[in-house]
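**Q** Build me a structure from this.
(chains A and B)
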Amino acid sequence: MSDIFIEKAIARAERAEQRNYLLLFLPALLLVLLFLGVPLGLLALQSFSEGDKFTLVHYMRIFDEAIYWRTYAETLKISALVTFLSIVMGFPIAYAAATTSRGLSSLILALVMLPFWTSVLVRTYAWLVVLQRRGIVNATLLDLGVIEQPLSLSHNFTAVLIGMLHVMIPFMVFPLYAAISKIPSELLQAGHSLGGGSFYVFRRVLLPLSLPGIFAGSVLVFILCLGFYLTPELLGGGKTIMVSSLVQRNVELYLQFGAASAVAMVLLMIVFFIFWAVDRVLPVEKVVGMR
Amino acid sequence: MTSSNFVSVSIQNLVKTYGNFQALRGVSLDIRAGEFVSILGPSGSGKTTMLQIIGGFARPTSGRVFFGNNDVTLLPPQKRDIGVVFQSYALFPHLSVAENIAFPLRARNISGAECKALVEKALDTVELGGYGERAISKLSGGQRQRVALARAIVFQPRLILMDEPLSALDKNLRETMQMELRNLHARLGATIVYVTHDQREALTMSDRVAVMSNGRIVQIDEPRTLYSSPVDHFVASFVGESTLVPVKRLGARQVALGDVVLNTASDVAQAQDIFIAIQSETLLPCSAAETEADSNYIQGTVRDLVFQGESLKASLELAGGTEIGFRIPSHRYNHLTLPQPGETVRLKLHVEDTIVVPANREVG
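**A** Now for the predicted structure:
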């Protein structure tokens, strides 16, 4: 008799606990629904309508006109390149921060974080100053006699790449830092003691065990890159157009909200597709939960 | 693993300082090829620094390390050919058992059938045949230990270095592994340097034990010698389970513990502070009338008696108020005549077991 009573009481207590968890979860859920779910739904609706009628015309135009396809390809190319370069450039920084003494490590991370306190706009204009025809880089190289003609570093693809990399590297360094600091230093010592040279230990121990960080950082950087607007607009000199610029032009120049929505929706679909494909090849849970 | 690459190791005058802290203060040690030497010491004694320097993970401030006739002081770890077994095993979590063991072989450009055969052989040596495809995370502590060992011996190293490899295992498994390591050492003829803070482990497996304290080797001897003739009170307290009691020197082979006169088998040091190191298992209860020429007799009141499984631990209060510990084996014969707390008992101590040591001034 009393056994049944206590079982019911335990079950009740567990239900109450679950209810409390749900309650804690609720504010975040509402926020996402209201400010992400609803606007995204509206955007999707808008992309299928012309006036008040349902239409596919906006999507048709994207498929028909080459400029759209070229822009998507260009956006993906830049994003992939920036992601790759930020791994290459971010890894040594993250490795240094993860393996050096505490004081130096904090200093490195503070320096990486420093640009966050400056607006992207200011930083982009600063790059313009640095990279332009008579900028510091060209002036120095000319003075040193390394080059005879100024390099064209601004208003082109290179400039966009440099500007975006500068903004993105912190987003790569932090996940990498977290992953590398979790690798016990004994594993690297073991690798060396077993006869592995620096590159061998890097390739067979450090790199595979950093994969969760590389993966997390790549996702972050890649997605943020796809939506870049300011940097390519200012540094690209109109030659390097990314998808966000297409959206902006449709809205501001042509007042085509439907077309702009369709462009954005296609980008979203491309992102979903890429992640689905990556997940098929390289299951996220496996990479992240490897240890 | 029949053709042995194992070499002798010579450590000469190693000094290592970290800022103001002297981790090693001039350590020299010669290890014969095929010898099993344990470095025993409490944490902070410098034993881990020693291991780091022998392994090439840290450079000494001064001094040299030789493997055979080769000066390896400046060689990085990957050029030293040492099989290191780490305390945490340091197995690569993303590789299978076989891939872990093949790691040092692939680093030496050995691959294909030869690599596979060597891995199989190493797995058999540590009795893990058939475990090659397992993931590291699916292994028990003891199995991980064996994989780490297999990985350390598979490439025929010049030396095996072990850093408290058994400390993460439970007691029974630890004792089994101690015996297995002993056998493995005998079979491979390996030169092994084994770092530990567990005296029992060191005594069980080693040909010689080096006791470290404060960045110095205080004593290096065979286990029996270390046990029966510690050089000072630090070694006496660290090896075995002993009570150290200050005594006064009466003659060349005679000391006074309070009012009790004790004879020793060897000459007592002419030092200012001397102690008797009473190992708890050397005391034996005896009758009040007994008097043997080669025994010392101590009398006191039993204060405490604790059952600890294989033995009972008792503490005895002597006339001056000094307390010493002793052990009684836990079998029925003893249980019939067990001294009870409050009782006065007389204990005998063989003169050969009456160990008198000078103080180690550095330890205090």
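**Q** Tell me where the stretch 101-250 of chain A has helices.
**A** A:102-113, A:120-131, A:136-144, A:157-181, A:185-193, A:198-201, A:207-226, A:230-236, A:243-252 (DSSP state H, counting those that start in this stretch).
**Q** repeat for chain B
**A** Under the criterion DSSP state H, chain B contains helices at B:47-55, B:97-107, B:112-125, B:141-153, B:171-188, B:199-205, B:223-228, B:233-238, B:332-336.
**Q** export the second one as CSV, just CAs?
**A** This points to helix B:97-107. Taking only C-alpha atoms (Å, rounded to 0.1, in the frame of the first residue of the first chain), the coordinates of helix B:97-107 have been written out as CSV:
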residue,chain,number,x,y,z
VAL,B,97,44.5,-0.5,-30.6
ALA,B,98,46.5,-1.8,-33.6
GLU,B,99,46.9,1.7,-35.0
ASN,B,100,48.2,3.0,-31.7
ILE,B,101,50.8,0.2,-31.6
ALA,B,102,51.7,0.8,-35.3
PHE,B,103,52.2,4.5,-34.6
PRO,B,104,55.9,4.2,-33.8
LEU,B,105,56.5,1.8,-36.7
ARG,B,106,54.8,4.0,-39.2
ALA,B,107,56.9,6.9,-37.9
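**Q** and the angle for that helix with helix B:141-153?
**A** 20 degrees (axes from the mean of the first three to the mean of the last three Cα atoms, to 10 degrees).
**Q** tell me, which helix in chain A spans the most residues?
**A** Ranked by residue count, the top helix of chain A under DSSP H comes out as helix A:66-99.
**Q** Outside of stretch A:161-174 itself, which residues are in contact with it?
**A** Stretch A:161-174 is contacted from outside by A:78, A:81-83, A:85-87, A:89-90, A:93-94, A:97, A:109, A:112-113, A:115-116, A:120, A:123-124, A:127, A:131, A:153, A:217-218, A:220-221, A:224-225, A:228, A:231-232, A:234-235, using Cβ atoms under 8 Å, 6 or more residues apart in numbering or on different chains. For the C-beta atoms, the positions are set from N, CA and C on the backbone; glycine is no exception.
**Q** quick one: strands adjacent to the longest strand seen in chain B?
**A** Counting by DSSP state E, the longest strand found in chain B is strand B:295-307. Sheet pairing here is set by DSSP bridges, and for strand B:295-307 it gives strand B:311-317 (antiparallel), strand B:344-350 (antiparallel).
**Q** Give me the mean pLDDT for it.
**A** Strand B:295-307 comes out with an average pLDDT of 92.
**Q** How about the residues of chain A by chain B?
**A** By Cβ under 8 Å from any Cβ of the partner chain, the part of chain A that sits against chain B consists of A:184, A:186-187, A:189-197, A:200, A:204-205, A:208-209, A:290-291.
**Q** can I get the CA coordinates of the helix or strand of chain B with the lowest mean pLDDT in PDB?
**A** Using mean pLDDT, DSSP states H and E, the weakest-scoring helix or strand in chain B turns out to be helix B:332-336, at a mean of 81. Output for helix B:332-336, consisting of C-alpha atoms alone and laid out as PDB, is shown next (Å, rounded to 0.1, in the frame of the first residue of the first chain):
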ATOM      1  CA  ARG B 332      43.500 -17.700  14.200                       C
ATOM      2  CA  TYR B 333      46.700 -18.600  16.200                       C
ATOM      3  CA  ASN B 334      47.200 -14.900  16.900                       C
ATOM      4  CA  HIS B 335      43.600 -14.100  17.400                       C
ATOM      5  CA  LEU B 336      43.500 -16.600  20.400                       C
END
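**Q** centre of the chain versus it, how much separation?
**A** Between the mean C-alpha location of helix B:332-336 and the chain-wide mean there is a distance of 33 Å, by Cα atoms, centre = their mean, to the nearest Å.
**Q** Which residue would you name as the spatial centre of chain B?
**A** Taking Cα atoms, centre = their mean, the centroid of chain B lies closest to residue B:202, which sits 2.4 Å from it.
**Q** correct me, but it touches residue B:38?
**A** Yes - contact between residue B:202 and residue B:38 holds when scored by Cβ atoms under 8 Å: they sit 3.8 Å apart.
**Q** Give me the common contacts of the two.
**A** The overlap between the contact sets of residue B:202 and residue B:38 (Cβ under 8 Å, 6+ apart) consists of B:194, B:196, B:209.
**Q** from the stretch 201-350 of chain B, which residue is nearest to chain A?
**A** residue B:201 (20.3 Å; Cβ to the nearest Cβ).
**Q** I would like the residues contacting stretch A:190-201, please.
**A** The set of residues that contact stretch A:190-201 without belonging to it, under Cβ under 8 Å, 6+ apart, is A:188, A:204-205, B:55-57, B:76-78, B:80-84, B:86, B:90-92, B:103-104, B:107-108, B:151-152, B:155, B:161.
**Q** How far off centre is that stretch?
**A** 33 Å.
**Q** Now the terminal residues of that stretch, how far apart.
**A** Distance between the boundary residues of stretch A:190-201 (Cα to Cα, to the nearest Å) amounts to 9 Å.
**Q** List the buried residues for that stretch?
**A** A:190, A:191, A:192, A:193, A:194, A:195, A:196, A:200, A:201 (16 or more other Cβ atoms under 10 Å in any protein chain shown).
**Q** Same check on stretch B:51-61?
**A** Judged by neighbour count (16+ other Cβ under 10 Å), stretch B:51-61 contains these buried residues: B:51, B:52, B:53, B:54, B:55, B:56, B:57, B:58, B:60.
**Q** Out of those, which are close to chain A?
**A** Cross-checking these against chain A (Cβ under 8 Å from any Cβ) gives B:55, B:56, B:57 as the overlapping residues.
**Q** Nearest to residue A:47 among those residues?
**A** Distances from residue A:47 to these, taken as Cβ to Cβ, are shortest for residue B:57 (60.4 Å).
**Q** How about that closest one, nearest residue that isn't a chain neighbour?
**A** Computed as Cβ to Cβ, 6 or more residues apart in numbering or on different chains, the closest residue to residue B:57 that is not its neighbour in sequence is residue A:189, at 5.4 Å.
**Q** just to revisit the earlier point, relative orientation of the longest helix of chain A and helix A:207-226 in degrees?
**A** Between the axes of helix A:66-99 and helix A:207-226, defined by the same axes, to 10 degrees, the angle is 140 degrees.
**Q** how about the residues of the stretch 1-150 of chain B near chain A?
**A** Applying the criterion Cβ under 8 Å from any Cβ, the portion of the stretch 1-150 of chain B that neighbours chain A consists of B:55-57, B:76-78, B:80-84, B:86-88, B:90-95, B:103-104, B:106-108, B:137.
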